[in-house]
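> Have a look at this fold, sequence not included:
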(Lines give C-alpha, C1' and ligand atoms only; values in the text may rest on other atoms or scores of the structure.)
Protein backbone atom coordinates (compact mmCIF):
# COMPACT_ATOMS: atom_id res chain seq x y z
CA UNK A 1 0.00 0.00 0.00
CA UNK A 2 1.35 3.42 -0.98
CA UNK A 3 1.49 5.80 1.98
CA UNK A 4 -0.09 9.18 1.20
CA UNK A 5 0.85 12.31 3.12
CA UNK A 6 -0.91 15.68 3.40
CA UNK A 7 1.80 18.31 3.82
CA UNK A 8 0.31 20.87 1.40
CA UNK A 9 -2.78 20.97 -0.77
CA UNK A 10 -0.60 19.96 -3.71
CA UNK A 11 -0.16 16.46 -2.26
CA UNK A 12 -3.67 15.58 -3.42
CA UNK A 13 -5.28 16.03 -6.82
CA UNK A 14 -8.14 18.50 -7.34
CA UNK A 15 -10.55 15.55 -7.64
CA UNK A 16 -9.30 14.09 -4.37
CA UNK A 17 -9.60 17.43 -2.60
CA UNK A 18 -13.16 17.87 -3.85
CA UNK A 19 -13.95 14.34 -2.68
CA UNK A 20 -12.76 15.31 0.80
CA UNK A 21 -14.85 18.50 0.79
CA UNK A 22 -18.01 16.62 -0.24
CA UNK A 23 -17.25 13.83 2.22
CA UNK A 24 -16.78 16.38 5.02
CA UNK A 25 -20.26 17.74 4.32
CA UNK A 26 -21.64 14.18 4.49
CA UNK A 27 -19.79 13.43 7.73
CA UNK A 28 -21.16 16.64 9.23
CA UNK A 29 -24.70 15.46 8.49
CA UNK A 30 -23.95 12.01 9.92
CA UNK A 31 -22.56 13.56 13.10
CA UNK A 32 -25.53 15.89 13.56
CA UNK A 33 -27.99 13.04 13.02
CA UNK A 34 -26.47 11.17 15.94
CA UNK A 35 -25.52 8.18 13.79
CA UNK A 36 -22.54 6.17 15.03
CA UNK A 37 -19.96 5.82 12.26
CA UNK A 38 -16.63 4.28 13.25
CA UNK A 39 -14.46 3.37 10.24
CA UNK A 40 -11.28 4.07 12.26
CA UNK A 41 -12.00 1.71 15.14
CA UNK A 42 -8.73 0.70 16.83
CA UNK A 43 -6.77 3.23 14.78
CA UNK A 44 -4.45 5.62 16.64
CA UNK A 45 -3.44 9.17 15.73
CA UNK A 46 -0.18 10.51 17.11
CA UNK A 47 -0.40 14.31 17.55
CA UNK A 48 2.94 16.13 17.78
CA UNK A 49 2.59 19.75 18.92
CA UNK A 50 5.62 22.03 18.90
CA UNK A 51 3.21 24.98 18.51
CA UNK A 52 0.26 25.25 20.87
CA UNK A 53 -3.32 25.19 19.60
CA UNK A 54 -6.96 25.05 20.65
CA UNK A 55 -8.90 24.27 17.48
CA UNK A 56 -6.31 21.91 16.01
CA UNK A 57 -6.02 19.70 19.07
CA UNK A 58 -9.72 19.56 19.83
CA UNK A 59 -10.78 18.95 16.21
CA UNK A 60 -8.29 16.14 15.59
CA UNK A 61 -8.78 14.49 18.97
CA UNK A 62 -12.58 14.71 18.83
CA UNK A 63 -12.56 13.63 15.20
CA UNK A 64 -10.62 10.45 15.93
CA UNK A 65 -12.93 9.63 18.84
CA UNK A 66 -16.04 10.16 16.70
CA UNK A 67 -14.61 7.88 14.00
CA UNK A 68 -13.98 5.15 16.59
CA UNK A 69 -10.25 5.66 17.00
CA UNK A 70 -8.08 7.41 19.58
CA UNK A 71 -5.44 10.12 19.70
CA UNK A 72 -2.25 10.63 21.70
CA UNK A 73 -1.19 14.22 22.45
CA UNK A 74 2.58 14.77 22.42
CA UNK A 75 4.11 18.10 23.40
CA UNK A 76 7.86 18.86 23.18
CA UNK A 77 8.04 17.88 26.86
CA UNK A 78 6.57 14.46 26.06
CA UNK A 79 8.83 13.38 23.19
CA UNK A 80 12.49 12.81 22.50
CA UNK A 81 12.14 15.34 19.67
CA UNK A 82 12.18 17.98 22.37
CA UNK A 83 15.42 16.53 23.68
CA UNK A 84 17.25 16.47 20.38
CA UNK A 85 16.42 13.07 18.89
CA UNK A 86 16.77 13.27 15.09
CA UNK A 87 13.44 13.73 13.31
CA UNK A 88 14.23 10.74 11.12
CA UNK A 89 14.62 8.45 14.15
CA UNK A 90 11.41 9.67 15.77
CA UNK A 91 9.55 9.08 12.51
CA UNK A 92 10.90 5.55 12.20
CA UNK A 93 9.80 4.66 15.74
CA UNK A 94 6.47 6.47 16.07
CA UNK A 95 5.22 5.29 12.69
CA UNK A 96 5.61 1.69 13.88
CA UNK A 97 3.30 2.38 16.82
CA UNK A 98 0.49 4.58 15.44
CA UNK A 99 -1.56 4.57 12.24
CA UNK A 100 -1.28 8.25 11.30
CA UNK A 101 0.72 11.23 12.56
CA UNK A 102 -0.30 14.89 12.78
CA UNK A 103 2.41 17.51 13.28
CA UNK A 104 2.02 21.19 14.21
CA UNK A 105 5.42 22.87 14.18
CA UNK A 106 7.48 25.82 13.00
CA UNK A 107 9.82 24.73 10.17
CA UNK A 108 8.05 23.13 7.22
CA UNK A 109 11.14 21.00 6.63
CA UNK A 110 10.33 19.21 9.89
CA UNK A 111 7.14 17.67 8.49
CA UNK A 112 8.86 16.90 5.19
CA UNK A 113 11.70 15.05 6.90
CA UNK A 114 9.31 13.22 9.21
CA UNK A 115 7.14 12.12 6.29
CA UNK A 116 10.16 10.90 4.34
CA UNK A 117 10.92 8.34 7.06
CA UNK A 118 7.36 7.54 8.21
CA UNK A 119 5.60 4.26 7.43
CA UNK A 120 2.19 5.90 7.97
CA UNK A 121 0.44 9.03 6.64
CA UNK A 122 1.69 12.35 7.99
CA UNK A 123 -0.60 15.40 8.18
CA UNK A 124 0.66 18.97 8.34
CA UNK A 125 -1.48 20.63 11.01
CA UNK A 126 0.40 23.94 10.51
CA UNK A 127 3.93 25.08 9.80
CA UNK A 128 5.36 28.54 9.26
CA UNK A 129 4.88 28.02 5.51
CA UNK A 130 1.52 26.27 5.09
CA UNK A 131 -1.78 25.46 6.84
CA UNK A 132 -3.59 23.09 4.44
CA UNK A 133 -6.07 21.65 6.97
CA UNK A 134 -7.56 25.11 7.50
CA UNK A 135 -8.11 25.48 3.76
CA UNK A 136 -10.17 22.28 3.71
CA UNK A 137 -12.43 23.80 6.36
CA UNK A 138 -12.60 27.13 4.54
CA UNK A 139 -13.53 25.64 1.18
CA UNK A 140 -16.10 23.41 2.87
CA UNK A 141 -17.68 26.48 4.47
CA UNK A 142 -17.80 28.30 1.15
CA UNK A 143 -19.37 25.33 -0.61
CA UNK A 144 -21.99 25.02 2.14
CA UNK A 145 -22.96 28.69 1.91
CA UNK A 146 -22.45 29.56 -1.76
CA UNK A 147 -21.72 26.41 -3.78
CA UNK A 148 -18.59 25.67 -5.79
CA UNK A 149 -15.66 28.05 -5.34
CA UNK A 150 -14.37 27.31 -8.84
CA UNK A 151 -14.21 30.45 -10.96
CA UNK A 152 -14.80 32.75 -7.98
CA UNK A 153 -12.63 35.64 -6.75
CA UNK A 154 -11.08 35.49 -3.29
CA UNK A 155 -9.47 38.48 -1.57
CA UNK A 156 -6.75 37.90 1.02
CA UNK A 157 -6.15 40.98 3.18
CA UNK A 158 -3.04 41.22 5.36
CA UNK A 159 0.19 39.31 5.88
CA UNK A 160 1.52 37.00 3.16
CA UNK A 161 1.87 34.23 5.75
CA UNK A 162 1.29 30.46 5.88
CA UNK A 163 -2.46 30.90 5.43
CA UNK A 164 -1.90 33.13 2.41
CA UNK A 165 0.48 30.52 0.96
CA UNK A 166 -2.17 27.83 1.36
CA UNK A 167 -4.73 30.10 -0.30
CA UNK A 168 -2.35 30.38 -3.27
CA UNK A 169 -2.21 26.59 -3.47
CA UNK A 170 -5.99 26.46 -3.08
CA UNK A 171 -6.45 28.88 -5.99
CA UNK A 172 -4.49 26.43 -8.12
CA UNK A 173 -6.24 23.28 -6.90
CA UNK A 174 -9.82 24.58 -6.69
CA UNK A 175 -9.68 26.95 -9.67
CA UNK A 176 -10.31 30.45 -8.30
CA UNK A 177 -8.61 33.85 -8.63
CA UNK A 178 -6.80 35.22 -5.58
CA UNK A 179 -6.18 38.91 -4.91
CA UNK A 180 -3.62 39.49 -2.15
CA UNK A 181 -3.50 42.94 -0.54
CA UNK A 182 -0.51 43.39 1.79
CA UNK A 183 1.94 46.09 2.89
CA UNK A 184 5.28 46.32 1.14
CA UNK A 185 7.69 43.80 2.59
CA UNK A 186 4.96 41.39 3.69
CA UNK A 187 4.23 39.71 0.37
CA UNK A 188 3.75 35.94 0.11
CA UNK A 189 6.71 33.84 -1.07
CA UNK A 190 7.87 35.08 -4.48
CA UNK A 191 8.21 31.61 -5.98
CA UNK A 192 4.59 30.76 -5.11
CA UNK A 193 3.33 33.99 -6.66
CA UNK A 194 5.42 33.45 -9.80
CA UNK A 195 4.29 29.83 -10.19
CA UNK A 196 0.67 30.98 -10.01
CA UNK A 197 0.92 34.30 -11.84
CA UNK A 198 -2.14 33.45 -13.94
CA UNK A 199 -4.39 33.30 -10.89
CA UNK A 200 -2.72 35.34 -8.13
CA UNK A 201 -2.57 39.14 -8.03
CA UNK A 202 -0.53 41.00 -5.39
CA UNK A 203 -1.55 44.59 -4.68
CA UNK A 204 -1.36 47.21 -1.95
CA UNK A 205 -4.89 48.59 -1.59
CA UNK A 206 -7.46 46.34 0.15
CA UNK A 207 -10.22 48.22 -1.67
CA UNK A 208 -8.80 47.07 -5.00
CA UNK A 209 -8.48 43.50 -3.75
CA UNK A 210 -12.09 43.15 -2.62
CA UNK A 211 -13.59 44.52 -5.84
CA UNK A 212 -15.82 41.76 -7.28
CA UNK A 213 -14.70 39.40 -4.50
CA UNK A 214 -16.92 36.46 -3.52
CA UNK A 215 -14.89 35.62 -0.42
CA UNK A 216 -12.78 37.90 1.78
CA UNK A 217 -10.27 36.37 4.19
CA UNK A 218 -7.79 37.69 6.72
CA UNK A 219 -5.60 36.52 9.60
CA UNK A 220 -3.81 38.02 12.59
CA UNK A 221 -1.12 40.56 11.79
CA UNK A 222 1.50 38.89 14.01
CA UNK A 223 1.53 35.10 13.93
CA UNK A 224 2.83 32.78 16.64
CA UNK A 225 6.56 33.41 17.09
CA UNK A 226 6.31 37.00 15.83
CA UNK A 227 5.19 38.58 19.10
CA UNK A 228 8.30 40.77 19.25
CA UNK A 229 7.20 42.37 15.96
CA UNK A 230 3.72 43.21 17.25
CA UNK A 231 4.09 46.98 17.58
CA UNK A 232 5.86 47.38 14.24
CA UNK A 233 3.24 45.26 12.49
CA UNK A 234 0.36 47.19 14.07
CA UNK A 235 1.72 50.35 12.49
CA UNK A 236 2.34 48.84 9.06
CA UNK A 237 -0.97 46.97 8.85
CA UNK A 238 -3.28 49.66 10.23
CA UNK A 239 -4.84 50.28 6.80
CA UNK A 240 -5.55 46.57 6.29
CA UNK A 241 -8.38 46.08 8.77
CA UNK A 242 -11.40 44.25 7.38
CA UNK A 243 -14.69 45.88 8.30
CA UNK A 244 -18.32 45.75 7.14
CA UNK A 245 -17.59 48.88 5.10
CA UNK A 246 -14.80 47.07 3.24
CA UNK A 247 -17.08 44.09 2.57
CA UNK A 248 -19.62 46.53 1.11
CA UNK A 249 -17.16 47.07 -1.77
CA UNK A 250 -17.21 43.37 -2.66
CA UNK A 251 -19.97 41.37 -4.35
CA UNK A 252 -23.40 41.49 -2.73
CA UNK A 253 -23.23 37.81 -1.73
CA UNK A 254 -19.67 37.98 -0.36
CA UNK A 255 -18.76 35.93 2.72
CA UNK A 256 -15.98 36.61 5.22
CA UNK A 257 -13.66 34.10 6.88
CA UNK A 258 -10.91 34.13 9.51
CA UNK A 259 -9.09 31.05 10.79
CA UNK A 260 -9.27 32.40 14.37
CA UNK A 261 -8.41 33.45 16.99
CA UNK A 262 -9.28 36.97 15.82
CA UNK A 263 -8.01 40.18 17.38
CA UNK A 264 -11.00 42.51 17.30
CA UNK A 265 -9.96 46.08 16.67
CA UNK A 266 -6.86 44.97 14.74
CA UNK A 267 -7.19 42.83 11.58
CA UNK A 268 -10.98 42.87 11.99
CA UNK A 269 -13.21 45.67 13.22
CA UNK A 270 -14.97 45.21 16.54
CA UNK A 271 -18.28 44.41 14.86
CA UNK A 272 -17.21 42.31 11.85
CA UNK A 273 -17.62 38.83 13.32
CA UNK A 274 -21.24 39.69 14.12
CA UNK A 275 -21.93 40.69 10.52
CA UNK A 276 -24.29 38.29 8.73
CA UNK A 277 -21.69 37.89 5.98
CA UNK A 278 -19.16 36.41 8.43
CA UNK A 279 -19.23 32.60 8.50
CA UNK A 280 -16.30 32.13 10.88
CA UNK A 281 -18.14 29.86 13.34
CA UNK A 282 -19.16 27.42 10.61
CA UNK A 283 -15.63 27.65 9.26
CA UNK A 284 -14.20 26.80 12.70
CA UNK A 285 -16.55 23.86 13.20
CA UNK A 286 -15.57 22.52 9.81
CA UNK A 287 -12.04 21.83 11.02
CA UNK A 288 -13.61 18.83 12.76
CA UNK A 289 -15.50 17.50 9.77
CA UNK A 290 -12.91 18.26 7.07
CA UNK A 291 -10.17 16.58 9.08
CA UNK A 292 -12.38 13.55 9.68
CA UNK A 293 -12.84 13.28 5.92
CA UNK A 294 -9.07 13.66 5.44
CA UNK A 295 -8.34 10.94 8.01
CA UNK A 296 -10.87 8.64 6.38
CA UNK A 297 -9.31 9.30 2.97
CA UNK A 298 -5.75 8.64 4.13
CA UNK A 299 -6.54 5.54 6.19
CA UNK A 300 -9.44 3.91 4.31
CA UNK A 301 -9.26 4.81 0.63
CA UNK A 302 -6.23 2.66 -0.12
CA UNK A 303 -7.78 -0.32 1.65
CA UNK A 304 -10.80 -0.46 -0.66
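Ah, there it is. Note that this is a predicted model, so its numbers are computed, not measured. Residues are numbered from 1 along each chain as shown.
> going forward, measure contacts and count neighbours with C-alpha atoms only.
Noted.
> Let's verify residue 179: helix, strand, or coil?
With DSSP: H, G, I helix; E, B strand; the rest coil as the basis, residue 179 sits in strand.
> typed the wrong thing, it's residue 167
helix.
> which non-adjacent residue is nearest it?
Setting aside the residues directly before and after it, residue 167 is nearest to residue 135 in space (CA to CA, 6 or more residues apart in numbering), at 7.0 Å.
> I figured the one you found hits residue 170, correct?
Yes: with contacts counted by CA atoms under 8 Å, residue 135 reaches residue 170, the gap being 7.2 Å.
> sorry, back to before: so who does the residue nearest to residue 167 touch?
Residues near residue 135 by CA atoms under 8 Å, 6 or more residues apart in numbering: 166-167, 170.
> Surely it is within a helix?
Yes: Residue 135 sits within a helix when classified using three-state DSSP.
> Roughly how far does it sit from residue 94?
27 Å (CA to CA, to the nearest Å).
> picking up where we left off before, for the contacts of residue 135, which entry has the maximal number of neighbours?
The most crowded member of the contacts of residue 135, judged by other CA atoms under 10 Å, is residue 167 (31 neighbours).
> ok, now how distant is that residue from residue 37?
Taken as CA to CA, the span from residue 167 to residue 37 is 31 Å.
> got it, and residue 93?
Using CA to CA, residue 93 is found at 30 Å from residue 37.
> Please apply the same query to residue 206.
From residue 206 to residue 37 the distance is 44 Å (CA to CA).
> now residue 245
Here residue 245 is placed at a distance of 44 Å from residue 37 (CA to CA).
> Let's see the pLDDT reported for residue 82.
pLDDT for residue 82: 59.
> what does residue 141 give?
At residue 141, the model reports a pLDDT of 98.
> cool, and residue 174?
The predicted local confidence for residue 174 is 98.
> Kindly report the same for residue 230.
As predicted, residue 230 sits at a pLDDT of 81.
> So what touches the helix or strand where it lies?
Under the criterion of DSSP states H and E, residue 230 resides in helix 230-236. Contact partners of helix 230-236, identified using CA under 8 Å, 6+ apart, comprise 183, 221-222, 266.
> how about it: buried residues?
Under the neighbour-count criterion of 16 or more other CA atoms under 10 Å, helix 230-236 has residue 233 buried.
> before we move on, what SS does the residue nearest to residue 59 when sequence neighbours are not counted have?
Spatial nearest neighbour of residue 59, excluding adjacent residues (CA to CA, 6+ apart): residue 288 at 4.5 Å. Put simply, residue 288 is helix when judged by three-state DSSP.
> Confirm for me that residue 288 is in contact with residue 60.
Yes: in this structure residue 288 lies within contact range of residue 60 using CA under 8 Å: 6.6 Å.
> in a strand, that's where residue 155 is, yeah?
Yes: assessed by three-state DSSP, residue 155 belongs to a strand.
> That one: neighbour count?
Number of residues near residue 155 (other CA under 10 Å) recorded here: 28.
> from what I can see it touches residue 207, true?
No: using CA under 8 Å, residue 155 and residue 207 do not qualify as a contacting pair, with a distance of 9.8 Å.
> Report the contact partners of residue 93.
If a contact means CA under 8 Å, 6+ apart, then residue 93 has no contacts.
> That one sits in which helix or strand?
Using DSSP H and E, residue 93 sits within helix 87-94.
> buried sites along that helix?
The neighbour-count check on helix 87-94 (16+ other CA under 10 Å) flags 87-88, 90-92, 94 as buried.
> Looking at those, which is nearest residue 43?
For these, the minimum distance to residue 43 (CA to CA) is 13.7 Å, reached by residue 94.
> How confident was the prediction at the residue nearest to residue 167?
Confidence at residue 135, expressed as pLDDT, is 98.
> Tell me the spacing between it and residue 207.
Counting by CA to CA, the gap from residue 135 to residue 207 is 23 Å.
> Strands of the stretch 1-150 of the chain, residue ranges please.
44-49, 70-74, 100-104, 122-124 (DSSP state E, counting those that start in this stretch).
> Tell me where the stretch 51-200 of the chain is predicted with low confidence.
80-83 (pLDDT under 70).
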